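*Asks:* quick one, what's the 3D model for this:
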Amino acid sequence: MSQKIVFMGTPEFSVPTLKSLVNSNHEILAVYSQPASKANRGQKIILSSVEAFAKGKSLRIRTPFNLDTDEEYNFFKKLNPDIVIVIAYGKIIPKRFLSLSKNGFINVHASLLPKWRGAAPIQRSIMNLDKETGISIMKIVEELDAGPVMHQSKIKINENIDTLTLSKVLSQLGAKSIIDSVNKIEKKEVNFQEQNHSQATYAKKISKKEGKIIWNDSAKKVLGKINALNPNPGAWFSYKEQRYKVWKAEIVNQVGDAGNTLDNKLTVACKEQAIKILEIQKEGKSRQQTEQFLLGNKIKKGEIID
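*Replies:* Numbering: from 1, shown residues only. Predicted coordinates:
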């Protein structure tokens, strides 16, 4: 037996799960993704990672700007899927759609629910200095990320891991788990567990202003922010009215007044310990190793950076 599946996802994070489903014995009825974006003043059309992959596999693709229309509802209804798999689609599923799938809408979410419901669970787990994270496979209900959970896979978080790297790890974890989950749903062997809603926390979308480094925080917290916001929107500081994005750093066991440079190699004191900046990008310039950057930009010992 095989399930007739509608897949809904947009970024690179979603692709390994779609690939797993394509390579299984299940049938992909359609792939939904966010519409293509435009670059170079509209001259260049950029497909989402999911749409690009789906095109390469000759899958039926839908990219509506607005999902909640009668036209889209009727199209979805005619598909008559057994199951809908949603992973980082980027749009709220309208309530009336949730009854159009025999076995419901199943979401692969990048946190250990009920912790970090919402838009930015990976970034928030790193910023919060969590020791572990993982993926949750759960049934979508009207309330955001509040549905019952059928499966969780856990991994440890290394203090040096950034969002880009952790996203890749969790993406593969979801892809490995999805086929077994779909098969269990098909065989009615699944056990959905209600979340403990009193323990829910929310991973709100990251804003650019959150990227400003607060040197009066501990070095662990500063490093957590740098890693969480790599690659986007980036953690940054100001020096002489110029903004500098910090791509990579490490904690060193040095002390000083918070925000002061402790040497000529861009080691900056925090409230506890210090941060040694390893990769940096001056506003309007390319990303550089700190050693290379300092050949043309002098930030000497004893300077105060904001």
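*Asks:* pull out the buried residues from stretch 8-27.
*Replies:* Buried residues in stretch 8-27, counting neighbours by 16 or more other C-beta atoms under 10 Å, are found at 8-18, 20-22, 24, 26. For glycine as for every other residue, the C-beta is placed from the backbone atoms N, C-alpha and C.
*Asks:* next step: those residues restricted to helices.
*Replies:* Under the assignment DSSP state H, those contribute V15, P16, T17, L18, S20, L21, V22 to helices.
*Asks:* which stretches in the stretch 1-150 of the chain count as strands?
*Replies:* Secondary structure of the stretch 1-150 of the chain (DSSP state E, counting those that start in this stretch): strands at 4-9, 27-32, 37-39, 44-46, 61-62, 83-87, 105-109, 117-118, 132-139, 149-156.
*Asks:* and those strands, which one averages the lowest pLDDT?
*Replies:* Sorting those by mean pLDDT places strand 37-39 lowest, at a mean of 82.
*Asks:* got the CA positions of the lengthiest helix in the chain in CSV?
*Replies:* Across the chain, the longest stretch assigned as helix under DSSP H is helix 163-186. The C-alpha trace of helix 163-186 is given here as CSV (Å, rounded to 0.1, in the frame of the first residue of the first chain):
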residue,chain,number,x,y,z
THR,A,163,22.0,28.0,12.8
LEU,A,164,23.1,27.0,9.2
THR,A,165,24.8,23.8,10.5
LEU,A,166,22.1,22.9,13.0
SER,A,167,19.5,23.4,10.3
LYS,A,168,21.2,20.9,8.1
VAL,A,169,21.4,18.3,10.9
LEU,A,170,17.8,18.7,11.9
SER,A,171,16.7,18.7,8.2
GLN,A,172,18.3,15.3,7.8
LEU,A,173,16.8,14.1,11.1
GLY,A,174,13.3,15.0,9.8
ALA,A,175,13.9,13.2,6.5
LYS,A,176,15.0,10.0,8.3
SER,A,177,11.9,10.0,10.5
ILE,A,178,9.2,10.9,8.0
ILE,A,179,8.8,7.6,6.1
ASP,A,180,8.4,5.5,9.3
SER,A,181,5.9,8.1,10.5
VAL,A,182,3.9,8.0,7.3
ASN,A,183,3.9,4.2,7.3
LYS,A,184,2.7,4.1,11.0
ILE,A,185,-0.1,6.5,10.1
GLU,A,186,-1.1,4.3,7.2
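*Asks:* strand partners (parallel or antiparallel) of the least confident helix or strand in the chain by mean pLDDT?
*Replies:* Using mean pLDDT, DSSP states H and E, the weakest-scoring helix or strand in the chain turns out to be strand 37-39, at a mean of 82. Applying DSSP bridges, strand 37-39 is found paired with strand 44-46 (antiparallel).
*Asks:* got the contact list for the strand it pairs with?
*Replies:* Strand 44-46 is contacted from outside by A36, S37, K38, A39, using C-beta atoms under 8 Å, 6 or more residues apart in numbering.
*Asks:* give me that answer again for 6 Å
*Replies:* Outside strand 44-46, the residues that touch it by C-beta atoms under 6 Å, 6 or more residues apart in numbering are A36, S37, A39.
*Asks:* which one of those has the most neighbours?
*Replies:* A36 (14 neighbours; other C-beta atoms under 10 Å).
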